[in-house]
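> Below are the sequence and a predicted model; questions follow.
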Amino acid sequence: MARRKKIYEGKAKTLYEGPEPGTLVQYFKDDATAFNAEKRATIEGKGVLNNRLSEFFMTGLSQIGVPNHFLKRLNMREQLIRAVEIVPLEVIVRNYAAGTMAKRLGMEEGTVLPRPLVEFSYKNDDLGDPLVPEEYIIGFGWASQQDLDDMIALALRVNDFMSGVMYGVGIKLIDFKIEIGRHYEGDFQRLIVADEISPDSCRLWDIETGRKLDKDVFRRDLGDLADAYTEVARRLGVMPQNNPQPGKPQLIN
Ligand code: 5GP
């Protein structure tokens, strides 16, 4: 079989040309990085778990009408996605103070916020993805005012969905990051959720014990990252198997 053309390689995922125009294949690696890739490791099974979990969340979002890039899972580590033009911003939603917000404002981690707060970082590894005000985003032409309003609305819908799903399995959604892409259909363009939604880009705390079930386990050396992600997948009923069906050919990875 001919090798697919690599389009882009990121820290945790690689994008390949898709089988049809307007599609890409997103491959989930086992690599974990933190602090702008100063800390690195390979966590066996992480890519398989995130492929499954991102499929689960994106499919759920599609079912409630939140547009996103997911088309179908291809195998253990790959999914077919819509090709989009990524808006160079990280959209972060916070329900509780944690991470950089807690540090910046001297707040105790876990303090409930008055309402979900949305913030934007400029996607630039060399600069460490700095927080940017909306004024900069419009001034520098990264997005229009209408785009910003649409991105905030999308992010808050993702937050409501994710908070509810997680609450149902005894997990508090502290905060998360999404990326948004421009999807073109002829002359028509719309903003859709892209990249991934997984414990790599969320903070997830067990409601009862406060146990961290997200990438902070790696960032802060709190234990086995794959165990934490497996626990999230187990509670959601998303198991990293290939769902072999009797009598049908099975995908081999
Ligand atoms: P913080 O700003 O507190 O570091 O992160 C807020 C939330 O966004 C956390 O859930 C964190 O995992 C996510 N996040 C922020 N920046 C990145 C990033 O560059 N990559 C990933 N995977 N997640 C991020």
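Everything's here; your move.
> Please name the residues that touch the residue of the chain found nearest the ligand.
Residue of the chain nearest the ligand, by Cβ to the nearest ligand atom: residue 99 (2.1 Å). Any C-beta I mention is one placed from the backbone N, CA and C, and that applies to glycine too. Contacts here follow Cβ atoms under 8 Å, 6 or more residues apart in numbering; on that basis residue 99 touches 109, 175, 203, 216.
> List the residues that contact the first one.
If I follow you right, that is residue 109. 96-99, 102.
> Relative to residue 9, which of those residues is nearest.
Within the contacts of residue 109, proximity to residue 9 (Cβ to Cβ) peaks at residue 99, which comes in at 26.0 Å.
> just the buried members of the contacts of residue 109?
With burial judged by 16 or more other Cβ atoms under 10 Å, the buried subset of the contacts of residue 109 is 96-98, 102.
> So which of those residues belong to helices?
Among the buried ones among the contacts of residue 109, the members falling in helices (DSSP state H) are residue 102.
> Tabulate the buried ones among the contacts of residue 109 (CSV), appending pLDDT.
Listed next are the buried ones among the contacts of residue 109 as CSV, based on pLDDT from 0 to 100:
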residue, pLDDT
96, 98
97, 98
98, 98
102, 98
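> give the contact list for residue 30.
Taking Cβ under 8 Å, 6+ apart as the definition of contact, the neighbours of residue 30 are 42-47.
> Redo those residues as TSV? Include distance to residue 126.
Below are those laid out as TSV (distance: Cβ to Cβ, whole Å):
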residue	distance to residue 126
42	24
43	25
44	30
45	31
46	25
47	26
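> Residue 71 against residue 81, yeah?
Yes - at 5.9 Å, residue 71 and residue 81 qualify as touching, with contact defined as Cβ atoms under 8 Å.
> Can you give me the buried ones in the lengthiest strand in the chain?
Of all segments of type strand in the chain, defined using DSSP state E, the longest is strand 171-185. Buried positions in strand 171-185, judged by neighbour count with 16+ other Cβ under 10 Å: 171-181, 183.
> Quick check: the spatially most central residue of the chain vs residue 128, distance?
The C-alpha lying nearest the average C-alpha coordinate of the chain belongs to residue 197 (Cα atoms, centre = their mean; 2.6 Å). Shown here: residue 197 relative to residue 128, a distance of 22 Å by Cβ to Cβ, to the nearest Å.
> Next: residue 80.
32 Å.
> Settle it for me: which of the two has more neighbours?
For the pair residue 80 and residue 128, the greater number of neighbours falls to residue 80 (17 against 11), based on other Cβ atoms under 10 Å.
> so that one sits right up against residue 17, yeah?
No - the criterion here is Cβ under 8 Å, and residue 80 misses it with residue 17 at 11.3 Å.
> ok so, going back, now intersect the contacts of residue 109 with the strands, please.
Those of the contacts of residue 109 mapping onto strands are residue 96, per DSSP E.
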